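[1] show me how the following folds:
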Amino acid sequence: MASRLAIAARMAAIVASTWAALSTGPLRAQERAAPDPFDQTFQAILACLSHGQEAVFGPKLNCAPYGKGDEVARRSKMPLGEPGTSWDDVCRNRDDPRRLPPDLIKRIMAQKDTPIAPAGIRIIGGVFCGNVDLVGLDLPYSLVIDRSVVNGIIDGRNFRTKADFSFDNTVVLRSLLLNRARIEGSVYGSRSFLDRLMVNDSQINGTWWQTESVIFTDAHFHRTTIAGDLRMNESAFTRLWILSSTIGGTVLLDDSEARCAYHISSNTMGFLTANGAGFGQMQSTGRDGRPGVDYPWWQRAVSASEQPYTKQLLESSPIKRITDAKLREIANKPDQPNSPLIRGCEDTSHSAYLEFYLFDNTVRTAMCLTSFAWLNPKAGLPDYKHPVSILALDGTKVGGKLIVDLWPDPPTGLGQLHPGDGPYDLVTSKNKFEAIGVSASALIYNFADNAKPYFTYVDGLRFDQIHKAQPACRSDIGAQLATQVELPNVDEVMAWLNKNAAPSSQPFTAFVTAFERAGEKATDLRVRRQTYELCEKTARWLPMIASLCPRYQLPDPGGGATASGTSASAADGAPGNQGVLEAIWNVFSATGELIMIGFDWTLYLLADHGLRPAKVVWSVVLTLIAFFALFWVWLRVVGFEPDSKKDQPAPPSPIIWPITFLFLFDRLIPAYKIRDEHYEITKVYRRATKSEIKAGSSTSGGPLYPMPYYGRKIQVCPGSETELTQANKWLVILRIIGVIFTIFLLAAINTLVHS
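    Here you go, the predicted model:
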């Protein structure tokens, strides 16, 4: 019995000790664990948000009234920090009051103890250490992280909010990703910095505001719907890419600047304005005259005189490290001598050009492009290696007005060059305006820019009206016109069309249609169009005249390339490209075409391709004057004697008819047959010389006769048979010329009737 009691006692002791160990072990572990310093901060944030206030991080966390936290954070140097600031150091310092966990927003949404006021989540001036996770969140109110720093990315896949999303004055050191997001309000990201912006398959029911910002690499809007405006004015980016998106309001790009490209394609928008948009300046990694690599960089975006805040962004300590790293990458990238790609743009535009591309867009109301910023050279003037800047509107449809003014007024820099200046042609070849398949209700163009150094590549234009004016596009005032809208004159249009390097006469047709709709004659433009077509047709057989055709020719740095990118001697079908026998055979086989080319050139010379039949009259007049001088001065045959009627007695002295303009006109166009006597010449009379008049007889001994001519008496003597024969030959030539004139006059009238 005793032994049983001892065993039971021992078992009880073991159970008690085990229970004590199990019950006290966790308590000791909790006592040893360090408390989370953010727990207290988290509760303070919830307290601010529950009262509709803003959680503002300065030297310490404070609750600020709605809308007042921005000034507090600004005084605390957020988000750029003091010089030498490293956000990595802030994130490593667990005692820094600005340090926030990347899942803060999800923590706030996950807790149920403290309700958030309708003002929403408003975190001002914090430092998010890591990737801010918004994936799948569905917020019933706004999310505001103004004047904050995100030391990572903002991942907003499938993010939803019933109100606004704001990151004004925020630095996102990596990317902002919004994929399949839906924001019922607006997005505010002005005066912010992002390394990359990616917005795909998303819907914004308000406006996207991102002015005075820097998107260091790419800003992407793909298949995105924005009910209001997309405001990117005064912002800088490497490439802006807007693709297959719908913007219900205005796309504002005023004073924006791309380092490499704008690619805006296949979108539908209400209005587009871009005043002062474009590119920066070429820079070089070489210093002090040492060789280096050239690359495009921002110019206006880092100018304190125009955009001071973007300059502050790029020069702040955390962002300057990103900038310096990019410049090192550009400088140290292996050189590829045969690569045409622009250094520093290989991973974005992947092009040999600086591209402002507006392709296949539909603009419901108007498009306004003014004061375009062409790429500036690294020195005062570009060299042949300087890349070409292209402003292209291909395939764009504008429901209202297309307003274009490519140079600022007054012009600055290279815009002050004039034709005849030494570098004018080279600068012109570096600035290209392209418009292929563009349609608009009306084109308003500043034709005063015709003398500026740029060229065009224009084809497939369609517009109902054409006006000239000096427009001004600003985001705050919309589109305004500084001068009265009026129809340009033909000389201004011709000067602009002379800048066209495209092998097409279609732009002439577009202007002809617009002029005639306005009730103005456009004969000069019609003549120029047909001359262009005829010259191009002739150049296929005579390549040497291609440079004389009325279109812009790019300067040749040595490769023999024409504006269309082919060698002048390599035109399709040109005999110079083939063997001698084959060329001869082609000439004979195309005899009909060559004859028609000759006919067309003659019709051009005589009647401006038939569009001015009255011009033939001047040819007739000049021909009559030439033959009158031929007979009176060179042949000295000034009169003739017509054949007398057989039933009439011969007169005692010959009846001499003078050779007048009426006689020559009757022989030029015999269809009229004004006088029968003009065709019955039996003898000609030549003008007597002074010695013959003094002697009273001709050198052959014959008498002299007086010939009345407009009240004067001219002494003449009978001509020889040789002189009669010679005179008849020239009259036959005159008749042949008359037949030619008749044929071309009929052709001109036919052309005019059917034009």
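
[2] low-confidence stretches in the stretch 501-650 of the chain?
    The stretch 501-650 of the chain contains residues with pLDDT under 70 at 555-590, 645-650.

[3] tell me where it has strands.
    637-642 (DSSP state E, counting those that start in this stretch).

[4] which stretches of the stretch 351-500 of the chain form strands?
    All strands of the stretch 351-500 of the chain, identified by DSSP E, counting those that start in this stretch, fall at 354-359, 362-370, 389-392, 397-405, 431-436, 439-445, 455-459, 462-468, 471-474, 478-481.

[5] make JSON lines out of these and add mean pLDDT, mean neighbour count and distance to Ala502.
    Where C-beta positions appear, they are placed from N, C-alpha and C, glycine not excepted. Shown next, in JSON lines, are the strands of the stretch 351-500 of the chain (pLDDT from 0 to 100; neighbours: other CB atoms under 10 Å; distance: least, CB to CB, whole Å):
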{"stretch": "strand 354-359", "mean pLDDT": "96", "mean neighbour count": "24", "distance to Ala502": "16"}
{"stretch": "strand 362-370", "mean pLDDT": "93", "mean neighbour count": "21", "distance to Ala502": "19"}
{"stretch": "strand 389-392", "mean pLDDT": "96", "mean neighbour count": "22", "distance to Ala502": "12"}
{"stretch": "strand 397-405", "mean pLDDT": "93", "mean neighbour count": "22", "distance to Ala502": "17"}
{"stretch": "strand 431-436", "mean pLDDT": "96", "mean neighbour count": "22", "distance to Ala502": "8"}
{"stretch": "strand 439-445", "mean pLDDT": "93", "mean neighbour count": "21", "distance to Ala502": "16"}
{"stretch": "strand 455-459", "mean pLDDT": "94", "mean neighbour count": "21", "distance to Ala502": "5"}
{"stretch": "strand 462-468", "mean pLDDT": "92", "mean neighbour count": "19", "distance to Ala502": "15"}
{"stretch": "strand 471-474", "mean pLDDT": "71", "mean neighbour count": "22", "distance to Ala502": "24"}
{"stretch": "strand 478-481", "mean pLDDT": "56", "mean neighbour count": "16", "distance to Ala502": "27"}
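
[6] which one, of those strands, ends up nearest to Asp229?
    Of all the strands of the stretch 351-500 of the chain, it is strand 478-481 that lies closest to Asp229, at 12.0 Å by CB to CB.

[7] can you point out the buried residues in stretch 168-181?
    168-179, 181 (16 or more other CB atoms under 10 Å).

[8] my bad, stretch 125-141
    Gly125, Gly126, Val127, Phe128, Cys129, Asn131, Val132, Asp133, Leu134, Leu137, Leu139, Tyr141.

[9] count the neighbours of Leu668 for me.
    Counted by other CB atoms under 10 Å, the residues lying close to Leu668 total 22.

[10] let me know whether it touches Leu624 as I believe.
    Yes: judged on CB atoms under 8 Å, Leu668 makes contact with Leu624 at a distance of 6.9 Å.

[11] can the strands of the stretch 351-500 of the chain go into CSV with extra columns for distance to Lys60?
    Formatted as CSV, these follow (distance: least, CB to CB, whole Å):
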stretch, distance to Lys60
strand 354-359, 48
strand 362-370, 49
strand 389-392, 51
strand 397-405, 53
strand 431-436, 55
strand 439-445, 57
strand 455-459, 61
strand 462-468, 62
strand 471-474, 43
strand 478-481, 46
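
[12] closest one to Thr268 among these?
    Between the strands of the stretch 351-500 of the chain, strand 362-370 lies closest to Thr268; by CB to CB that is 4.7 Å.
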